[in-house]
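> need a structure here:
(2 chains)
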Amino acid sequence: MTVNKWTAAEVARKVIDNEELFILDVRNHDAFEDWKIEGHKFEYLNIPYFELLDGVEEILPKLPTDKEVLVVCAKEGSSVMVAEMLSEAGREVAYLEGGMKSWSSYLEPIKVSDLENGGELYQFVRLGKGCLSYMVISEGEAAIIDAVRFTDVFTNFAKEKGVEIKHVFDTHLHADHISGGRHIAANTGATYYLPPKDATEVVFDYTPLTEGLNVKIGASQIDVNALYSPGHTIGSTSFVIDNQFLLTGDILFIDSIGRPDLAGLAEDWVGDLRETLYSRYRELAEDLVVLPAHFMIIDELNEDGTVARRLGDLFKENHGLNIEDEAEFRRTVTDNLPPQPNAYEQIRQVNMGKITPNNDEQTEMEIGPNRCAVR
Amino acid sequence: MNITKTLDAKGLACPMPIVKTKKAMDTINSGEVLEVLLTDKGALNDIPAWAKSGGHTVLEQKTEEDVLYFYIQKG
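Residues are numbered from 1 along each chain as shown, chains lettered A, B, ... in the order given. Model (predicted):
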């Protein structure tokens, strides 16, 4: 039987198209429990590769023959070994090229909407990590919001679209993933914006992103409006784009809200988070479509793979927007928080420009789920 | 600690460090200690998990200049 090699892009299509897949994950149990490839219709078997060194016979009855089987490990090596053993045992299986490392890195660009006069809004979905980045395109120009560190994906996409990247924004100083914003700006001559209240320790030049900043993209003047919305960090800023879309950064997600503790000041920032979610956002039009910087679970994806929901719907459905009692809200966002993201303190240092790890070290730092939310 | 055998698996990528460790383990007797030198960081979690599943004991683990050292007593 042949051993097939799948790319992360092919697995991403299976997730987005809601297809079935059986994943044999051969990493150790802790790694699997912490983080795996999520799909609506995926089934899983987790057997560490080192328990299969003497043969795969014992697991054959557990592997379906009427479904595609994908073997996954951390970097690829062990999945190739196990896939070859299964192949010799007469099973047709595939392995994931580059393993969870490449899954964590893969970005799928999906169009959220057309904007007036031929403009377009794209969401870049990093399925393996739950990060969402955005590109607004309008008549030869582009703006990027919350870019992840794979800068080529954005610059190549802009090239394909024939647009020049003029503005690059980070809604806040990220703690769960390494930003590509500053590097994209340096490579393209674009302006890089960061909220000054999050940037007190950064060691590079940036343009302050403050309340009321308004940038027009392209000749059709697509509006990008900044709205100060602290709470996840003290500088967290949202954007209203084309009067239709609300980019919430890490303040408001589809099925959860931002956590206030990743910069170390949960107690201080609870009040800000409350005010942003229960006052500032309430003054906005309910028809705005919320586009967050993360998703936490695969159920937050729409049928087309985007992560987007009407603000008015979130006011009704999102638990974090419906805690009337302030004391209870405070408890919810400060007590019993999920574990902090892997290496979040180091990641903040990288995003401040204080340390510059190599690519492998950056990959290690970003391993695992993002965990920026409180549910 | 009496080291019965040393395995140099530096530079090898997963799954080879564990494959070689298992083979080396097969050549020593119960109670004897295998020293393993590695550079693949994935081994930090995988060696203890493998040892546990095989009934072996990791007596000591240290890291010196990017080399990981494991001392595993055969079960």
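> The stretch 51-200 of chain A against chain B: which residues are in contact?
Residues of the stretch 51-200 of chain A lying close to chain B by Cβ under 8 Å from any Cβ of the partner chain are A:E51, A:L53, A:C73, A:A74, A:K75, A:G77, A:S78, A:M81. Where C-beta positions appear, they are placed from N, C-alpha and C, glycine not excepted.
> gap between stretch A:109-120 and the chain center?
20 Å (Cα atoms, centre = their mean, to the nearest Å).
> So what touches that stretch?
A:16, A:121-125, A:134-139, A:153, A:157, A:161, A:217-220, A:222, A:241-242, A:244-245, A:289, A:291, A:304-306, A:308 (Cβ atoms under 8 Å, 6 or more residues apart in numbering or on different chains).
> same thing but 7 Å
Stretch A:109-120 has contacts (Cβ atoms under 7 Å, 6 or more residues apart in numbering or on different chains) with A:121-125, A:137-139, A:157, A:218, A:220, A:222, A:242, A:291, A:304-306, A:308.
> Can you select the buried ones from the residues of the stretch 51-200 of chain A next to chain B in PyMOL?
To isolate the buried subset of those in PyMOL, counting by 16 or more other Cβ atoms under 10 Å in any protein chain shown, use the following:
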select buried, chain A and resi 53+73+74+75+77+78+81
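> Excluding sequence neighbours, find me the nearest residue to residue 19.
Looking at chain A here, since you left the chain open. A:K41 (6.5 Å; Cβ to Cβ, 6 or more residues apart in numbering or on different chains).
> hm, I was asking about chain B
Closest residue in space to B:V19, ignoring its immediate chain neighbours: A:L53 at 6.3 Å, by Cβ to Cβ, 6+ apart.
> can you check A:V136 too?
A:A143 (4.6 Å).
> need the contact list for that neighbour.
A:V136, A:K166, A:H167, A:F169, A:V215, A:I217, A:V224.
> what do you get if the cut-off is 8 Å, keeping everything else the same?
So, once contact is read as Cβ under 8 Å, 6+ apart, A:A143 ends up touching A:M135, A:V136, A:I165, A:K166, A:H167, A:V168, A:F169, A:V215, A:I217, A:V224.
> got it, and A:K67?
A:K67 sits next to A:E20, A:L21, A:F22, A:E43 when contact means Cβ under 8 Å, 6+ apart.
> Adding distance to A:M352 and secondary structure, write the residues you listed out as CSV.
Shown next, in CSV, are the contacts of A:K67 (distance: Cβ to Cβ, whole Å; DSSP: H, G, I helix; E, B strand; the rest coil):
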residue, distance to A:M352, secondary structure
A:E20, 44, strand
A:L21, 39, strand
A:F22, 43, strand
A:E43, 42, strand
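> Give the residue farthest from the middle of chain B.
The C-alpha centroid of chain B is most remote from B:E65, which lies 17.4 Å away (Cα atoms, centre = their mean).
> Neighbours of A:D250, how many?
A:D250 has 25 neighbours, counted by other Cβ atoms under 10 Å in any protein chain shown.
> Now do the same contact list for it.
So A:D250 contacts A:T171, A:H172, A:H174, A:H232, A:T233, A:S236, A:G258, A:P292, A:A293, A:H294, A:C372, A:A373 (Cβ under 8 Å, 6+ apart).
> wait, doesn't A:I23 sit right on A:F42?
Yes. Using Cβ atoms under 8 Å, A:I23 and A:F42 qualify as a contacting pair, with a distance of 5.7 Å.
> Neighbour count for the two, which is higher?
A:I23 (23 against 18).
> That one is in what secondary structure piece?
strand A:20-25 (DSSP states H and E).
> Neighbouring strands of that strand in the sheet, and parallel or not?
Partners of strand A:20-25 in the sheet, by DSSP bridges, are strand A:41-46 (parallel), strand A:69-72 (parallel).
> Let's have these in CSV, adding mean pLDDT and distance to A:A343.
Converted to CSV, these look like this (pLDDT from 0 to 100; distance: least, Cβ to Cβ, whole Å):
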stretch, mean pLDDT, distance to A:A343
strand A:41-46, 96, 24
strand A:69-72, 98, 22
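> ranking these by burial, who's on top?
Sort those by mean neighbour count, taking mean count of other Cβ atoms under 10 Å in any protein chain shown, and strand A:69-72 sits at the top with a mean of 25.
> Now for the spatially most central residue of chain A: which residues touch it?
Nearest to the mean C-alpha position of chain A, by Cα atoms, centre = their mean, lies A:C131 at 0.5 Å. Each residue near A:C131 by Cβ under 8 Å, 6+ apart is listed here: A:D146, A:V148, A:D176, A:H177, A:A293, A:H294, A:N370.
> Could I get the phi/psi values of the fifth one?
The phi and psi torsions at A:A293 (degrees, to the nearest 10) take the values phi -90, psi 0.
> Next, count neighbours for it.
Counted with other Cβ under 10 Å, A:A293 comes out at 32.
> If I look at it, what pLDDT would I see?
pLDDT, A:A293: 97.
> quick one: it from A:A8, how far?
As judged by Cβ to Cβ, to the nearest Å, A:A293 and A:A8 stand 21 Å apart.
> Kindly report the same for the second one.
The gap separating A:V148 from A:A8 is 14 Å, by Cβ to Cβ.
> All the helices of the chain, residue numbers only.
Using chain A here. Here chain A has its helices, by DSSP state H, at A:8-16, A:29-34, A:77-88, A:99-105, A:151-161, A:181-188, A:266-275, A:311-317, A:326-334, A:344-351, A:359-366.
> nope, chain B
Taking DSSP H to define them, one finds helices in chain B at B:16-26, B:43-54.
> how about CSV for those helices, with mean neighbour count and mean pLDDT added?
As requested, the helices of chain B are arranged in CSV below (neighbours: other Cβ atoms under 10 Å in any protein chain shown; pLDDT from 0 to 100):
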stretch, mean neighbour count, mean pLDDT
helix B:16-26, 19, 94
helix B:43-54, 19, 91
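> Find the residue closest to A:P64 in space, skipping its chain neighbours.
Among residues not flanking A:P64 along the chain, A:F22 sits closest, at 5.3 Å (Cβ to Cβ, 6+ apart).
> What is the burial count for the one you found?
A:F22 has 19 nearby residues by other Cβ under 10 Å.
> Let me have the helices of chain B in a markdown table, adding distance to A:W269 as columns.
Formatted as a markdown table, the helices of chain B follow (distance: least, Cβ to Cβ, whole Å):
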| stretch | distance to A:W269 |
| --- | --- |
| helix B:16-26 | 44 |
| helix B:43-54 | 34 |
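> quick revisit: okay but the residue nearest to A:P64 is in contact with A:D66, surely?
No. Here A:F22 lies out of contact with A:D66, judged by Cβ under 8 Å, at a distance of 9.5 Å.
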